[in-house]
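>>> curious how this folds, go ahead:
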Amino acid sequence: MGKQPPAWEDYLRWLEENTPYEDMIRSLQPRERQAFRAITVRLTDYQLYPWQGRFLARISGRPTYMLGIPSGLGKTYIAGAWLARLGRPVRVLFLVPTLALGVQQTLFARQHLLAEAYLVTSEMPPSERRELEVWNAPFVVATPQVFYNDNLKDFEGELEEAREFPDPDDAFAYLSEVFGSEGWHFPYDVVIADEAHNYIGQTAGHSVLLAARSFPGVKILGLSATPQLHDRRRLRELKRVFPDIRPAPGDLWRDVPPRKLYVCWVDPPPGVLDLYKCLLAKARELEREAKRRYGPDHRPSECLDHPLCRFSKLVKRAAMALAECGHTALVGHKLWKYPSLSRPPPGFKKSPKEMFEDILASGIPNHKFAAAERVLKCAGADKAIVFANSVSTALELGASLQAGMGVEDVAVLVGKSRMSMKHQARALLHFKTKARVLVATSVAEEGLDIPAADVEVWLDVPGNPRVLVQRAGRLLRPKGGRSVSIYALVTRGTHEGRKLKSVIKAAEKHYGFRVGTRDAGRSFEAGQTTLVPL
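Below is the predicted model of the structure:
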């Protein structure tokens, strides 16, 4: 990614100095040697909705099950009630994908389930985990990687081999024999896998669930807002671990807080729109050349074998990024090293590279940034989240907002390529305790509970229905009938409007996810001062 800009390093230092992260983590970790024991779980301070009770009755008694319920509708509470209905002492492993979510779920368990819930993470050195025998604790919240490293690393080859079995039952039987011959037993009676749609492929989470499934007495409950129903290939893979996947029942929508999606049309600067059209023309030129070389029936958009086809897709994606994230998303892009971008496509006087250089020389601001700032000023949110697909775009917008509003008022949360898990947890704590705005990439789309946020801004359109459901779920938690609002910034004259419509339709088809869509203005950038829909 290159050297981090000083402004970003300053923010990371600010997080270290101003968020009480270490004390919080230390309070959730085991501090004494753990004795091997089980415990009875009880759900307190929560009454299930009628549809939650019916859903719970449907899964009671099943050894392996996945809940497919949109974010914000109490999946974790249902899991807690499911544990309580077991009515006997059990040992529980609660798997989470990130440290930030691990903190959240440990706090939830201590508040609603039992006091003896502990967080085990890589923050605790392996030697200390061994000394304290942390896996003896009756209720552990952990990332899959940490559990895998401590318990399953010695079986890496056998787990890899088990993945190749055509029949998953044969894989479980094989692993059962392997573990039995080594005298190893899975140390928990129950596994709850949060964000379980990720537990496929070459992942530590997949290995943990394969191991758990090889012990018939272990119950497994997966939690997911989007259990891959929109992707047949990934759904088939997921069903190897979770053969019973059920989407949310239709009657749950009576209990969902009102939510509205406002489409904010943004007019791009003329040069940006011209570059968008030029890049698409260049992509079409490359596709025609591919068909000339490889035959009229060749499909460049589906081909991964030829450099020419891969390059045409790169150019098309760059055009989409230009519309969705603004021209600053293409600064430093590898696209510009290709000589082909220095030649104009048919019908254009300038090449894409020349057009881009003209935009940079003019000093015009990113059109999406100006629109996002306008929304934040007009929406009147107590807490707001701004989502951006691009890490570089999120960092730049975050820095811009911090310059105008102050660091305390703007938190930034991005993935591990630019932010350690420790800093991610600090940034989330920053938003929950101080900041009014969170600028985030996809790392904030899954699982994080941000109950106070009542406005969300999409700098770009979600790429698929899973992302749409996950993003919207960060807001569907207000109490007392309060409504929440989502503002999608859509670049006029580009593919973004069609893409948004398609993704909304797919989210309703595959997940039953409903959102009321209205137009927030025909000319958003032309002097609009309010966000009252037309």
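>>> for the helix or strand Arg292 falls within, which helices and strands make contact with it?
For Arg292, the host element (DSSP states H and E) is helix 270-294. Where contact means 3 or more C-beta pairs under 8 Å, 6 or more residues apart in numbering; DSSP states H and E, helix 270-294 is packed against helix 307-325, helix 352-362. For every residue, glycine as well, the C-beta is placed using N, CA and C.
>>> so Arg471 sits in a helix?
Yes - note on Arg471: a helix contains this position according to DSSP: H, G, I helix; E, B strand; the rest coil.
>>> show me the helices in the stretch 1-150 of the chain, by range?
For the stretch 1-150 of the chain, applying DSSP state H, counting those that start in this stretch gives helices covering 6-18, 21-28, 50-59, 75-86, 99-112, 126-132, 144-151.
>>> circling back: so which of the helices and strands packed on helix 270-294 is the most surrounded?
Burial of the helices and strands packed on helix 270-294 is given as mean neighbour count (mean count of other C-beta atoms under 10 Å); helix 307-325 ranks first at a mean of 20.
>>> which neighbouring elements make contact with it?
Other helices and strands packing on helix 307-325, by 3+ C-beta pairs under 8 Å, 6+ apart, are helix 270-294.
>>> ok, so what distance separates the residue of the chain most remote from its centre from Asp274?
Ranked by distance from the centre of the chain (C-alpha atoms, centre = their mean), the top residue is Lys349, with 41.6 Å. According to C-beta to C-beta, to the nearest Å, Lys349 and Asp274 sit 10 Å apart.
>>> and what of Gly347?
To Asp274, Gly347 is 11 Å away according to C-beta to C-beta.
>>> ok, the two, which is more surrounded?
Between Gly347 and Asp274, counted using other C-beta atoms under 10 Å, the more crowded position is Asp274 (17 against 9).
>>> tell me who's in contact with the closest residue to that one other than its chain neighbours.
In space, and not counting its chain neighbours, Asp274 is closest to Met355: 6.2 Å by C-beta to C-beta, 6 or more residues apart in numbering. Neighbouring residues of Met355 by C-beta atoms under 8 Å, 6 or more residues apart in numbering: Gly271, Asp274, Leu275, Cys278.
>>> give me the pLDDT for Met355.
We note a pLDDT of 96 for Met355 in this prediction.
>>> ok, Met124 next?
91.
>>> which one is it nearest to, not counting chain neighbours?
Here the residue nearest Met124, using C-beta to C-beta, 6+ apart, is Gln29, at 5.8 Å.
>>> quick revisit: looking at the contacts of Met355, which has the most residues close by?
Using other C-beta under 10 Å as the neighbour test, the contacts of Met355 are led by Leu275, with 27 neighbours.
>>> contacting residues for that one?
Leu322, His327, Pro352, Met355, Phe356, Ile359.
>>> let's go with 7 Å and repeat that
Leu322, Pro352, Met355, Phe356, Ile359 (C-beta atoms under 7 Å, 6 or more residues apart in numbering).
>>> thinking again about what came up before, among the helices and strands packed on helix 270-294, which is nearest His423?
His423 lies closest to helix 307-325 among the helices and strands packed on helix 270-294, at 22.7 Å (C-beta to C-beta).
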